[in-house]
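> Give me a 3D structure for the following:
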Amino acid sequence: MSVRVGVLGATGAVGQRLIQLLDPHPDFEIAALTASDESAGHDYREVAKWRVDAPIPEDVASTTVVETDPSAVPDDVDLIFSSLPSSVGEAVEPAFAEAGYVVSSNSSNARMDDDVPLVIPEVNAEHMQLIEVQRDERGWDGALVKNPNCSTITMVPTLAALDSFGLERVHVSTLQAVSGAGYSGVSSMEIIDNVVPHIGGEEAKMESESRKLLGAFDGAELSLHDAEVSASCNRVPTIDGHLENVWAELADDPSVGDVEDALAAAPSADLPSSPEPLVKVFDEPDRPQPRMDRMLGGGMQVAAGGVQETPAGVQYNCLAHNTIRGAAGASVLNGELLARDGWL
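Have a look, this model is predicted:
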């Protein structure tokens, strides 16, 4: 039986990726698309300005877009995917949850709220139990679940794989694709022949979200991981695929082989969108690379390579497709977990 789903912010870049992933999905049926008041009432093909590298699905193209309001979405929609700007999401998403909808959101608002699950299913699926705390505290019949920032998603599965070696401190420098800023986010005059060594708010997201994802949930509250995380985030002139240089300081002294084995053994999840293996480990020192490796596992796999020892631990590189694994695909994966575990 298909789960009927809605997409909030369906005309945006992540909204379009969501539709690309949801339309052929074996378990989900797109039943509602929402956008701004100006787009409401029009066929999706008229207002979407479709930019995904695949044709717009015909059945979706003729769907009438509705306002982003719980009263405009059919009651029989079981699950909502949100790709709203955080400034909009912070007001709209709680309204949907209060109205009884379960919301799987890519938006950055509320990610660090104590009662909001921030989840990568292969890493911390048990944190989804925070929904019970959230419903008790807020009186909601629905729920609000978040996936982390695109740069955080790229790194954290690799950190989780190394945590058994005693993860103490992490330093990361990112090389982030322009698509992470949205279609109009970075002008060509700003990024061509250039690197921008600052992405507003990105460092803080990586530093806080990583510790929440790796933290422990005792059934009542979640404690952050003890590791210190520091980040430097840079915008580079690639279209898709965030490449990250990671230095992990570890209590133990694993060999390069031990680290590579741990990364390769990172568990997948028993969900349609979770790749096997979760982490593709390269022996070559010059891999992964965005153009060559961002579509591994249909864009859902994390790639790692260049592992080498340092005086305090290890250094390695990791990569993921920022609008698939890092955004739309992450929300879909959380939706699959919500459906499988009976939260809808």
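> Now do the helices in this structure.
13-22, 44-47, 58-61, 86-98, 121-124, 130-138, 150-162, 188-191, 202-213, 256-264, 290-293, 329-340 (DSSP state H).
> TSV for those helices, including distance to residue 282?
In this view, the C-beta of every residue, glycine as well, is placed from N, C-alpha and C. Shown next, in TSV, are the helices of the chain (distance: least, Cβ to Cβ, whole Å):
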stretch	distance to residue 282
helix 13-22	25
helix 44-47	39
helix 58-61	36
helix 86-98	34
helix 121-124	19
helix 130-138	35
helix 150-162	13
helix 188-191	27
helix 202-213	23
helix 256-264	9
helix 290-293	8
helix 329-340	21
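> got JSON lines for these, with distance to residue 73, mean pLDDT and mean neighbour count too?
Output for those, formatted as JSON lines (distance: least, Cβ to Cβ, whole Å; pLDDT from 0 to 100; neighbours: other Cβ atoms under 10 Å):
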{"stretch": "helix 13-22", "distance to residue 73": "15", "mean pLDDT": "96", "mean neighbour count": "25"}
{"stretch": "helix 44-47", "distance to residue 73": "15", "mean pLDDT": "96", "mean neighbour count": "18"}
{"stretch": "helix 58-61", "distance to residue 73": "16", "mean pLDDT": "94", "mean neighbour count": "14"}
{"stretch": "helix 86-98", "distance to residue 73": "8", "mean pLDDT": "96", "mean neighbour count": "19"}
{"stretch": "helix 121-124", "distance to residue 73": "25", "mean pLDDT": "98", "mean neighbour count": "22"}
{"stretch": "helix 130-138", "distance to residue 73": "20", "mean pLDDT": "98", "mean neighbour count": "16"}
{"stretch": "helix 150-162", "distance to residue 73": "26", "mean pLDDT": "98", "mean neighbour count": "26"}
{"stretch": "helix 188-191", "distance to residue 73": "37", "mean pLDDT": "96", "mean neighbour count": "12"}
{"stretch": "helix 202-213", "distance to residue 73": "28", "mean pLDDT": "98", "mean neighbour count": "21"}
{"stretch": "helix 256-264", "distance to residue 73": "41", "mean pLDDT": "98", "mean neighbour count": "17"}
{"stretch": "helix 290-293", "distance to residue 73": "36", "mean pLDDT": "98", "mean neighbour count": "17"}
{"stretch": "helix 329-340", "distance to residue 73": "15", "mean pLDDT": "98", "mean neighbour count": "25"}
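> and of those, who's closest to residue 281?
With Cβ to Cβ as the criterion, residue 281 lies closest to helix 256-264 of these, at 4.6 Å.
> What lies in contact with that closest one?
Identification of contacts with helix 256-264 by Cβ atoms under 8 Å, 6 or more residues apart in numbering yields 158, 161-162, 164-165, 254, 277, 279, 281, 304, 307-309, 314, 316.
> ranges for the strands of the stretch 201-344 of the chain?
216-217, 222-223, 228-235, 242-250, 279-281, 302-310, 313-320 (DSSP state E, counting those that start in this stretch).
> quick one: buried residues of stretch 96-112?
96-97, 99, 101-112 (16 or more other Cβ atoms under 10 Å).
> Which pair in those has the greatest spatial separation?
Among the buried residues of stretch 96-112, 99 and 112 lie farthest apart (Cβ to Cβ), at 23.7 Å.
> circling back: what subset of the contacts of helix 256-264 is buried?
By 16+ other Cβ under 10 Å, the contacts of helix 256-264 give 158, 161-162, 165, 254, 277, 279, 281, 304, 307, 314, 316 as buried.
> From these, pick the one nearest residue 294.
Nearest to residue 294, judged by Cβ to Cβ, of the buried ones among the contacts of helix 256-264 is residue 304 at 13.4 Å.
> In this structure residue 194 contacts residue 234, no?
No. In this structure residue 194 lies outside contact range of residue 234 using Cβ atoms under 8 Å: 10.5 Å.
> Comparing these two, which residue is more hemmed in?
The neighbour comparison of residue 194 against residue 234 (other Cβ atoms under 10 Å) goes to residue 234, with 16 against 13.
> hang on, that one packs against residue 176?
Yes. Here residue 234 lies in contact with residue 176, judged by Cβ under 8 Å, at a distance of 6.5 Å.
> May I ask which two of the contacts of helix 256-264 are separated the most?
Spatially, the most separated pair among these is 277 and 309, at 23.1 Å (Cβ to Cβ).
> picking up where we left off before, find residues that contact each of residue 234 and residue 176.
residue 199.
> For the stretch 1-150 of the chain, give me the ranges with low pLDDT.
1 (pLDDT under 70).
> Kindly recompute the last result at 90.
Under the criterion pLDDT under 90, the flagged ranges of the stretch 1-150 of the chain are 1, 53-54.
> Isn't residue 289 up against residue 243?
Yes. Counting by Cβ under 8 Å, residue 289 does reach residue 243; the two are 7.4 Å apart.
> Show me whatever sits in contact with both of these two.
Joint contacts of residue 289 and residue 243 (Cβ under 8 Å, 6+ apart) are residue 319.
> ok, those two, which is more surrounded?
Using other Cβ under 10 Å, the more surrounded residue of residue 289 and residue 243 is residue 243, with 24 against 17.
> The more buried one bridge partners, please.
Per DSSP bridges, the residues bridged to residue 243 are residue 175, residue 319.
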